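Asker: Output the structure for:
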Amino acid sequence: MKSVNPYLNFAGNTEEAFNFYKSVFGGDFVLLVRFRDFGDGADVPEEVRDKIMHISLPLGDGTTLMATDALESMGHPLTMGNNFCISLETDSPAESARLFERLSEGGRVDMPLGKTEWAESFGACADRFGVQWMINYTGKVQFAGGQ
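Answerer: Have a look, this model is predicted:
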């Protein structure tokens with residue numbers, strides 16, 4: 001496995017939170033993608049287009065703090081307990097499939113493992129204990145949006 005990273009969900013104030021974290025930890029954002037940058041942006045309501053779809057701030061030693069605006073208007077109500085997950089960057093699609101299958105067994109699949117604009121293989125689930133996981137194998141895919 002390449003890395004394990006905390007992934008935080010905010011109710012529309014991700015940019016404010018990450019500017020604060022940047023002031024605390026230093027460094028620069030590796031990636032900042034707004035909802036308007038995702039796909040053609042046509043399906044995104046005007047009032048949320050400038051919100052953060054994904055942001056990454058390296059913390060050192062291969063650990064990256066990541067986040068998104070989990071917006072109720074887009075079907076993602078935020079409550080204490082779902083405001084974070086553990087993101088695993090795997091070494092291969094096979095490792096992604098194995099981990100996703102095992103972690104989601106007896107739990108809940110939120111997004112089935114599959115190809116996305118940002119990864120050769122990505123899936124999101126909660127295990128049977130309620131811990132949320134994102135399994136990601138980037139491979140050769142490079143997301144064109146954002147910074």
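Asker: Please report how far Ile135 lies from Glu15.
Answerer: Distance, Ile135 to Glu15, by C-beta to C-beta, to the nearest Å: 26 Å. Quick note: C-beta positions are derived from backbone N, CA and C, even for glycine.
Asker: ok, now Asp28?
Answerer: Taking C-beta to C-beta as the measure, Asp28 falls 14 Å from Glu15.
Asker: Look at those two and report which has more neighbours.
Answerer: Shown here are Asp28 and Glu15; by other C-beta atoms under 10 Å, Glu15 has more neighbours (17 against 10).
Asker: what residues are up against the residue nearest to that one when sequence neighbours are not counted?
Answerer: Closest residue to Glu15 apart from its sequence neighbours, by C-beta to C-beta, 6 or more residues apart in numbering: Ile52 at 5.6 Å. Ile52 makes contacts with Phe10, Thr14, Glu15, Phe18, Leu32, Val33, Arg34, Phe35, Ala67, Thr68, Asp69, as judged by C-beta atoms under 8 Å, 6 or more residues apart in numbering.
Asker: same question, Pro45
Answerer: Contact partners of Pro45, counting by C-beta under 8 Å, 6+ apart, are Ser73, Met74.
Asker: Neighbours of Glu72, how many?
Answerer: Other residues within reach of Glu72, judged by other C-beta under 10 Å, total 10.
Asker: Show the residue spans covered by the helices in the protein.
Answerer: 14-25, 93-104 (DSSP state H).
Asker: Can you give me the distance of Ser121 to Pro112?
Answerer: 11 Å.
Asker: Who are the contact partners of the closest residue to Pro6 other than its chain neighbours?
Answerer: Of all residues not flanking Pro6 in the chain, Leu65 sits nearest, at 5.9 Å (C-beta to C-beta, 6+ apart). Contact analysis of Leu65 by C-beta under 8 Å, 6+ apart lists Asn5, Pro6, Leu8, Phe18, Tyr21, Phe25, Ser56, Leu57, Pro58, Leu59.
Asker: Looking at the last one now. What's its pLDDT?
Answerer: Leu59 is assigned a predicted lDDT (pLDDT) of 90.
Asker: What is the most widely separated pair among the contacts of Leu65?
Answerer: Leu8 and Pro58 (14.8 Å; C-beta to C-beta).
Asker: Now do the contacts for the residue located most distally from the centre of the chain.
Answerer: Residue farthest from the centre of the chain, counting by C-alpha atoms, centre = their mean, is Gly106 at 22.4 Å. Residues in contact with Gly106, defined by C-beta under 8 Å, 6+ apart, are Asp127, Arg128.
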